[in-house]
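> sharing a sequence plus its predicted fold:
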Amino acid sequence: MSESLQILRSLWTQPRTTFEGRYYTMRDAISNPKPIQHPYPPIWIGSSGPRTPMLTARHADVWNASGSQEELTELSTRLDELCVAIGRDPSTIRRSVQYVWDGLDRAELVGYRRRTRQARVFRARHHFARARRGPCSLARGRGAG
């Protein structure tokens with residue numbers, strides 16, 4: 001996945017891409033037209049497993065996770081530490097929380113949001129994306145739902 005993300009970013013931002021990796025090899029690859037979003041569409045990585053936080057630290061513009069407040073706090077702290085270890089400012093990664101809501105009890109959803117903010121899961125302001133009968137996203141950062 002790391003190689004794929006490197007290639008995508010290069011194809012979106014460079015006139016030609018040359019890449020030689022373990023899984024992919026490209027020479028002077030061209031991808032046109034370039035994305036309308038500049039410098040490229042945000043790369044979202046949904047992760048909570050043991051290997052994906054480093055991918056998120058290296059490549060993601062947005063991290064989407066799910067879990068309890070305790071799990072999210074631990075994962076977010078780990079992501080912050082990995083970012084610092086590779087020289088990336090952790091605040092450059094928007095964070096979002098995926099929460100399944102059945103659409104029946106709005107108070108349940110609002111309570112989850114309040115508890116997440118009180119627990120300072122991401123130590124930042126959350127933007128709240130409304131949805132019914134399915135995943136809802138509590139995202140932090142600019143441009144979030």
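Perfect, I can see it now. Numbering: from 1, shown residues only.

> which residues of this structure fall in strands?
17-20, 25-29, 44-46, 62-65, 94-101, 126-129, 134-140 (DSSP state E).

> which ones are touching the residue positioned nearest the centre of the chain?
For the chain, the residue nearest the mean C-alpha position is W63 (1.9 Å; Cα atoms, centre = their mean). Residues near W63 by Cβ atoms under 8 Å, 6 or more residues apart in numbering: 44-47, 56, 79, 93-96. For every residue, glycine as well, the C-beta is placed using N, CA and C.

> do S31 as well
11-12, 17 are the contacts of S31 under Cβ under 8 Å, 6+ apart.

> related to what we said a few turns ago, need the contacts of W63 in CSV with neighbour count and distance to S31, can you?
Formatted as CSV, the contacts of W63 follow (neighbours: other Cβ atoms under 10 Å; distance: Cβ to Cβ, whole Å):
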residue, neighbour count, distance to S31
W44, 14, 19
I45, 20, 21
G46, 15, 24
S47, 18, 26
T56, 25, 24
L79, 23, 29
I93, 23, 25
R94, 21, 25
R95, 26, 29
S96, 24, 27
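
> ok, the spatially closest residue to M54 that is not a sequence neighbour - how many residues close by?
Nearest residue to M54 in three dimensions, chain neighbours excluded: L82, at 5.6 Å (Cβ to Cβ, 6 or more residues apart in numbering). As a burial measure, L82 scores 17 neighbours (other Cβ atoms under 10 Å).

> now swap in the one 4 residues further on and tell me
Residue neighbour count, defined by other Cβ under 10 Å, stands at 9 for I86.

> pLDDT weak spots in this structure?
118-145 (pLDDT under 70).
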